[in-house]
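1. structure, please.
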Amino acid sequence: MRAIYKRELRSYFHSMIGYVFIAFLVAYTGIYFLAYNLNYGYPYFSYVLSGILFVYLVAIPILTMRCFAEDKKNKTDQMLLTAPVSLFEIVLGKYLAMVTITAVPCVIYLIFPLIIKAQGTAYIKVDYLAILVFFLLGCVYISIGMFVSSLTESVIIAAIGAFGILLLTYLWSGILNFIPSAAWANALAVAVLLTLVVLAVWNMTKNVVICAVLEKIGTKRVYEITGNRLDTYFTLTELMWFLRNHPDMMKKCHKILQVNGYINYKLTEVFSNIADNHLLDVSGIILYLSLIVLFFFLTMQMIQKRRWS
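-> This next block holds a predicted model:
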């Protein structure tokens, strides 16, 4: 695994992608830092990170597009898969190489809060937490881009596909405005999403047991989360279900978040909660780690499928 990690890391810098990625992120961060913190005097560096979040949409696909697609195109993946290393070590070595490159600008970001402190008031702990979550979000995006790269032999298609998925997550809140907010629409959206996940897993694994468990757990979770079976219920029915089954929880509720807003809230608002509201969402961190493991597993399944075919 160490040899694969070193090989991948070296290749990123030999092809200049690593240098361009780091320079791109640091340059944009410097521009926003100059505008927000030095010119306007904002004491939080986290505002800068919130402003450059869109840069990930362009930078991450460029970083991940070649990790597996180029090996497929050059047929070097066959040599790699016959090497005396496990599939897990191959995927992990490539993933850690990309994570290392993403970590470099984040380490440089640690200097900016100290510059703010030298000028006056600073919130070091909040800013460092924001940098950590910003890095974890980058790790999630890398796992998504790596999975997309494992699906194709074209680095261009891999880059465009990863960019499209990341753009969808970035614009999700705006897209949700066009989706009905009724309970039946929420339940239907979850059912469709679950079905797509099950079909994707079946296509990669051909394992009936895994797909059946996913479908079983998924349908059960739809009811547990929404209070709905997949029928046309009103939002009032959901609230009544929670009042009957979780009265203590309802007493603590301040606002109700519907299912169709959950994905956007958890994926992008975890970072925004720290950057804008200075609140750490532990469940959101767990979600980030879970998504990394999920797409890591899916990437391994795709490579395994190609190995046996």
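2. what's the helix or strand for residue 288?
-> Taking DSSP states H and E as the criterion, residue 288 maps to helix 282-308.
3. mind listing what's buried in that helix?
-> Buried residues in helix 282-308, defined by neighbour count with 16 or more other C-beta atoms under 10 Å: 284, 287-288, 291-292, 295-303. For the C-beta atoms, the positions are set from N, CA and C on the backbone; glycine is no exception.
4. wait, residue 48 touches residue 36, no?
-> Yes. At 5.3 Å, residue 48 counts as touching residue 36 under the criterion of C-beta atoms under 8 Å.
5. name the residue in the two with the higher neighbour count.
-> With neighbours defined as other C-beta atoms under 10 Å, residue 48 and residue 36 compare such that residue 48 has more, 26 against 19.
6. now the residue lying closest to that one once chain neighbours are set aside: how far from residue 12?
-> Excluding its sequence neighbours, the residue lying closest to residue 48 (C-beta to C-beta, 6 or more residues apart in numbering) is residue 32, at 4.5 Å. Per C-beta to C-beta, to the nearest Å, residue 32 is found 25 Å from residue 12.
7. those two: which has the busier surroundings?
-> residue 12 (21 against 17).
8. name the nearest residue to that one, ignoring sequence neighbours.
-> Closest to residue 12 by C-beta to C-beta, 6+ apart is residue 18, at 3.7 Å.
9. picking that back up, what's the pLDDT at the residue nearest to residue 48?
-> In the prediction, the pLDDT value recorded for residue 32 is 89.
10. okay, and it sits in which element?
-> Applying DSSP H and E, one finds residue 32 within helix 17-33.
11. quick one: list the elements packing against the helix or strand following that helix.
-> Counting by DSSP H and E, the element after helix 17-33 in chain order, helix or strand, is helix 46-51. Where contact means 3 or more C-beta pairs under 8 Å, 6 or more residues apart in numbering; DSSP states H and E, helix 46-51 is packed against helix 17-33, helix 124-149, helix 269-275.
12. reformat those as TSV; add distance to residue 7.
-> What follows is the helices and strands packed on helix 46-51, written out as TSV (distance: least, C-beta to C-beta, whole Å):
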stretch	distance to residue 7
helix 17-33	13
helix 124-149	16
helix 269-275	32
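13. residue 94: which of those is closest?
-> helix 124-149 (6.9 Å; C-beta to C-beta).
14. which of the residues in the closest one are classified as buried?
-> Applying 16+ other C-beta under 10 Å to helix 124-149 flags 126-127, 129-131, 133-149 as buried.
15. can you check stretch 105-119 too?
-> 105, 106, 109, 112, 113, 116.
16. before we move on, what about stretch 6-17?
-> For stretch 6-17, by 16+ other C-beta under 10 Å, it's 8, 9, 12, 17.
17. looking at those residues, which one is closest to residue 82?
-> Closest to residue 82 out of the buried residues of stretch 6-17 is residue 8 (17.9 Å), distances taken as C-beta to C-beta.
18. once you drop chain neighbours, what's closest to that closest one?
-> Residue 8 sits nearest to residue 97 (C-beta to C-beta, 6+ apart), 3.6 Å away.
19. in which helix or strand does that neighbour reside?
-> Using DSSP H and E, residue 97 sits within helix 87-109.
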